[in-house]
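A.B. asks: Generate coordinates for the sequence data below:
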Amino acid sequence: MKLEDYDYIMVFTSHYRALYIYDRLRVKKIKTKLVTAPNKINISCTQALKIKEDDKETIKLELERNNIFPTAVFKIIVDGNKEEYELIE
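C.D. replies: All right, here's what the predicted structure looks like:
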């Protein structure tokens, strides 16, 4: 099983916020993936958004425009066939 090529994962305070910003980014043709938040980083919502390094600044601007801010942002560290997470924001 190959892990997908995403660099960060963002968790949000609610399912609605994660879904809303995912939809806004999808409309703008920014590749993201809406996923179930891993248990290791599940803070308050079961949804998370995986993003790429190249899109990080664009996504940050879109979050600000929509007044939606992630609870936390983690760097995805691939270790063999599993992912580890390092808190960065």
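
A.B. asks: Off-centre distance for the longest strand along the chain?
C.D. replies: Counting by DSSP state E, the longest strand found in the chain is strand 72-79. When distances are taken as C-alpha atoms, centre = their mean, to the nearest Å, strand 72-79 is centred 10 Å away from the chain's centroid.

A.B. asks: quick one: buried residues of it?
C.D. replies: In terms of neighbour count (16 or more other C-beta atoms under 10 Å), strand 72-79 has its buried residues at 72, 73, 74, 76. Backbone N, C-alpha and C define where each C-beta goes, glycine included.

A.B. asks: Please name the bridge partners of the first one.
C.D. replies: Going by DSSP bridges, residue 72 is paired in beta bridges with residue 11.

A.B. asks: all strands in this protein, in order from the N-terminus.
C.D. replies: Secondary structure of the chain (DSSP E): strands at 8-11, 33-36, 47-51, 72-79, 82-87.

A.B. asks: so for stretch 72-86, what's the average pLDDT?
C.D. replies: Averaged over stretch 72-86, pLDDT sits at 90.

A.B. asks: contacts for it?
C.D. replies: 1, 3, 6-11, 38, 40-41, 43, 50, 87-89 (C-beta atoms under 8 Å, 6 or more residues apart in numbering).

A.B. asks: List only those of these flagged as buried.
C.D. replies: The neighbour-count test (16+ other C-beta under 10 Å) marks 6, 8, 9, 10, 11, 38, 41, 50 as buried among those.

A.B. asks: quick one: least confident of the residues you listed?
C.D. replies: residue 41 (85).

A.B. asks: okay, now the spatially closest residue to residue 58 that is not a sequence neighbour: neighbour count?
C.D. replies: Using C-beta to C-beta, 6 or more residues apart in numbering and skipping the chain neighbours, the partner closest in space to residue 58 is residue 30 (6.2 Å). Residues contacting residue 30 under the criterion other C-beta atoms under 10 Å number 16.
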